[in-house]
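Engineer: okay, here's the prediction I keep looking at, along with the sequence it came from:
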Amino acid sequence: MARSRLPFQLILEQTVDAGGKVYFQPPATLNMVFPCIRYTPERIDGDNADNRTYLTHKGYNVIYISRDPDSPVPERLRMLPMSRFVRYYSHENLHHWVFTIYY
Amino acid sequence: MSALIWDKSDERFYQTGIDNVALYVKGTPDPADATTDYLTGVAWSGVSSIAESPSGAESNKIYADNIEYLNLISAEELGLTITAYDYPDEFEQCDGTATPEGVAGLKIGQQPRKSFGLAYRTRIGSNEDGDSHGYRIHIVYNCKAAPSERTYNTVNESPEAIEFSWSITTTKEKFSTYAPVVNLTIDSRKFTTTQQQANLQELCETLWGRDASAQGVTPAVTALTPKLPKPAEVLRILSQTGG
């Protein structure tokens, strides 16, 4: 059975600054409140044994979006186990830090 | 006789995969049962590969009278390398680990290693049927596991499970009029008649066990505990004629 996503949601909620929001697969019509973490499933990797997938590893695309370029949240996200910083970009005066995090 | 034909569409076979790995620790489960030397089999989940490495059978030429007088062939041996993400508790005694009675969870290393047997299944695929054309049952007797390295790595950016690996040596087992053997393989494609298929089914149920049928279902089927039959017993099961 695959690992539940909800504990990961809690970890992200604890990582983001007070008042920050965490959105899972937000629809395009949603007006997000910043700062926030937006995350979506990105990949599912597996290890094979016994002619089937024996272990499953879920990776999420996690984007922290903030108007503060010096926010400590990206560093906290990078410190999570199995976290990899992918890239940074700025769009409409919002700073985006993109991570791949396995959970 | 007609000419040879290569690569006919329905004769393009290959082998792949491994599953149904069962472990049988050496011992005597029932003194009245002379058909096995092993305890009840257990499922070994998480096996990613078993490499069979035959060795020996080396040529040793002897010269006399200015000619090659003899070509002596050394005995053949079989070694295995098992890689797996996990192993059953029963394997620990084969890997030099003892568990004292009444102290759950305590493992004592560097203890004597028990012998064990293995049964596993590989697939035979064909161009037309894919991977499910047939299968081979592999039975290996008298295995001993050698100590192997385990590297516990830090968690990093990517998920990574430790893949354990064991080198296995084997000792040959007597087998009626044949030379002593270590492994048997059974090719399901060769069992074509109803009786032969029943024999193969019986061997599978002997190796991997069978659940009892649900109440009220006819014909009623009794449960079978998995066991590793001696080579002579395998031969007996597979050569039944039903008479």
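Structural biologist: Sure, I can see it.
Engineer: tell me the contacts of the closest residue to residue A:13 other than its chain neighbours?
Structural biologist: Excluding the flanking residues, the one nearest residue A:13 by Cβ to Cβ, 6 or more residues apart in numbering or on different chains is residue A:22, at 5.1 Å. Where C-beta positions appear, they are placed from N, C-alpha and C, glycine not excepted. By Cβ atoms under 8 Å, 6 or more residues apart in numbering or on different chains, the contact set of residue A:22 is A:9, A:12, A:13, A:16, A:36, A:37, A:39.
Engineer: residue B:57 now?
Structural biologist: Applying Cβ under 8 Å, 6+ apart, the residues contacting residue B:57 are B:73, B:74, B:75, B:76.
Engineer: check residue A:21 too.
Structural biologist: A:32, A:33, A:35, A:36, A:37.
Engineer: of those, closest to residue A:61?
Structural biologist: residue A:37 (10.9 Å; Cβ to Cβ).
Engineer: one step back: which SSE is the residue nearest to residue A:13 in?
Structural biologist: strand A:21-24 (DSSP states H and E).
Engineer: ok, the helix or strand just after that strand: who's next to it in the sheet?
Structural biologist: Per DSSP H and E, the first helix or strand lying C-terminal to strand A:21-24 is strand A:36-49. Counting by DSSP bridges, the strands paired with strand A:36-49 are strand A:21-24 (parallel), strand A:52-66 (antiparallel).
Engineer: could these go into JSON lines alongside mean pLDDT?
Structural biologist: Listed next are these as JSON lines, based on pLDDT from 0 to 100:
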{"stretch": "strand A:21-24", "mean pLDDT": "96"}
{"stretch": "strand A:52-66", "mean pLDDT": "94"}
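Engineer: related to what we said a few turns ago, most neighbours among the contacts of residue A:21, which one?
Structural biologist: Within the contacts of residue A:21, neighbour counts (other Cβ atoms under 10 Å in any protein chain shown) peak at residue A:37, which reaches 24 neighbours.
Engineer: the longest helix anywhere in chain B: which residues count as buried?
Structural biologist: Determined from DSSP state H, the single longest helix within chain B is helix B:194-208. Neighbour counts using 16 or more other Cβ atoms under 10 Å in any protein chain shown place B:196, B:199, B:200, B:203, B:204, B:205, B:206, B:207, B:208 of helix B:194-208 among the buried residues.
Engineer: turn those residues into a markdown table, columns for pLDDT and distance to residue B:155.
Structural biologist: Listed next are those as a markdown table, based on pLDDT from 0 to 100; distance: Cβ to Cβ, whole Å:
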| residue | pLDDT | distance to residue B:155 |
| --- | --- | --- |
| B:196 | 96 | 51 |
| B:199 | 97 | 50 |
| B:200 | 97 | 45 |
| B:203 | 97 | 44 |
| B:204 | 97 | 40 |
| B:205 | 97 | 42 |
| B:206 | 97 | 43 |
| B:207 | 97 | 38 |
| B:208 | 97 | 36 |
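Engineer: let me know the closest of these to residue A:100.
Structural biologist: residue B:208 (40.7 Å).
Engineer: what sits against that closest one?
Structural biologist: B:20, B:22, B:41, B:119, B:226.
Engineer: ok, these vs chain A, which is closest?
Structural biologist: Nearest to chain A, judged by Cβ to the nearest Cβ, of these is residue B:20 at 7.8 Å.
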